[in-house]
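K.L.:
Test case, fold it:
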Amino acid sequence: MDPSVLAEASQSWPSSVIGSNISICLNILGALLLGTIVGYERTWNGRAAGIRTYGFVCMASAALTVVVGHPALWYGGQAVAGAGGDPTRIIQGIVTGIGFLGAGMIMREGFSITGLTTAASIWTVAVIGVVVGIGFFPAAIALTLLATIGMLILQRIELILPSHRELAVRVDFAKGMAPPDAELRRFVTRHGYKVVDASLSIAIEAGAIRWHFMMFTRDRKAAGAERFARELAALPGVEALDISHARN
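P.N.:
All right, here's what the predicted structure looks like:
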């Protein structure tokens with residue numbers, strides 16, 4: 001090969017530039033791998049956001065953060081007046097943008113809200129990407145492991161610890177057959193639950209009354225949803241019934 005070609009290439013791509021580009025690429029690759037580790041837990045549990053979503057979020061966050069730390073390489077290494085980025089502003093933009101993505105994962109249906117864990121974990125993956133981008137690799141690996149283990153283990157711990165068990169109830173009564181408020185509350189209390197007053201909604205249509213409310217219990221011996229539904233359906237005047245677990 002012509003020595004002049006090698007000399008020209010070495011001037012265009014000095015070893016420092018090549019080394020920096022390799023470092024940037026390794027940062028991005030590492031962030032992609034760490035993001036997919038967290039994303040696999042979501043894929044395993046059948047969530048909409050999985051390996052690709054988490055991998056891309058983590059990789060893009062790392063790319064933005066690491067690139068802003070090499071202003072001398074911007075625009076082919078050509079000097080630009082005032083060139084240089086503020087990493088804190090880039091991080092702020094990443095966190096803001098991920099907030100919109102996370103909000104799209106949160107769904108509400110009746111009294112149930114789902115997607116909160118997915119939204120929080122996507123925000124965490126963005127932070128992992130930022131941490132990789134600024135070069136704290138052990139911290140990024142630790143955060144990845146903690147996030148993945150946390151999503152796998154903490155749900156089981158939640159089931160063991162004392163907590164509220166909540167059910168959303170909708171019951172339709174035949175015209176003129178709805179029991180008094182106090183009687184229905186006593187029925188709920190006998191089964192180990194308590195009506196959440198702020199959730200109570202009563203609708204009247206053509207003389208028929210519909211109750212919609214949420215009830216909770218801390219008693220593990222309280223009636224399960226199936227048993228409660230059967231006994232509530234047996235009350236006089238009940239025409240339709242819907243019971244579901246309320247998650248908030």
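
K.L.:
which strands and helices sit next to the lengthiest helix in the chain?
P.N.:
Looking across the chain with DSSP state H, the single longest helix is helix 15-44. Helices and strands touching helix 15-44, by 3 or more CB pairs under 8 Å, 6 or more residues apart in numbering; DSSP states H and E, are helix 51-67, helix 116-133, helix 137-160. C-beta here means a position set from N, CA and C on the backbone, and glycine is covered the same way.

K.L.:
buried residues in whichever helix or strand comes after the first one?
P.N.:
Downstream of helix 51-67, the first helix or strand assigned by DSSP states H and E is helix 87-103. By neighbour count, and taking 16 or more other CB atoms under 10 Å as the criterion, the buried residues in helix 87-103 are Ile90, Ile91, Ile94, Ile98, Gly102.

K.L.:
what does helix 87-103 contact?
P.N.:
Under the criterion CB atoms under 8 Å, 6 or more residues apart in numbering, residues 57, 61, 64-65, 68-69, 118-120, 122-123, 126-127, 129-130, 134 lie in contact with helix 87-103.

K.L.:
Only C-alpha atoms, please: export it in PDB.
P.N.:
Only the C-alpha atoms of helix 87-103 are listed here, as PDB (Å, rounded to 0.1, in the frame of the first residue of the first chain):
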ATOM      1  CA  PRO A  87     -23.900  16.400  30.300                       C
ATOM      2  CA  THR A  88     -26.300  17.500  33.000                       C
ATOM      3  CA  ARG A  89     -28.600  19.000  30.400                       C
ATOM      4  CA  ILE A  90     -28.400  15.800  28.300                       C
ATOM      5  CA  ILE A  91     -29.300  13.700  31.300                       C
ATOM      6  CA  GLN A  92     -32.200  16.000  32.100                       C
ATOM      7  CA  GLY A  93     -33.500  15.600  28.600                       C
ATOM      8  CA  ILE A  94     -33.200  11.900  28.700                       C
ATOM      9  CA  VAL A  95     -35.100  11.700  32.000                       C
ATOM     10  CA  THR A  96     -37.900  14.000  30.700                       C
ATOM     11  CA  GLY A  97     -38.200  12.000  27.400                       C
ATOM     12  CA  ILE A  98     -38.400   8.700  29.200                       C
ATOM     13  CA  GLY A  99     -41.100  10.100  31.400                       C
ATOM     14  CA  PHE A 100     -43.400  10.300  28.400                       C
ATOM     15  CA  LEU A 101     -42.600   6.800  27.300                       C
ATOM     16  CA  GLY A 102     -43.300   5.500  30.800                       C
ATOM     17  CA  ALA A 103     -46.600   7.300  31.000                       C
END
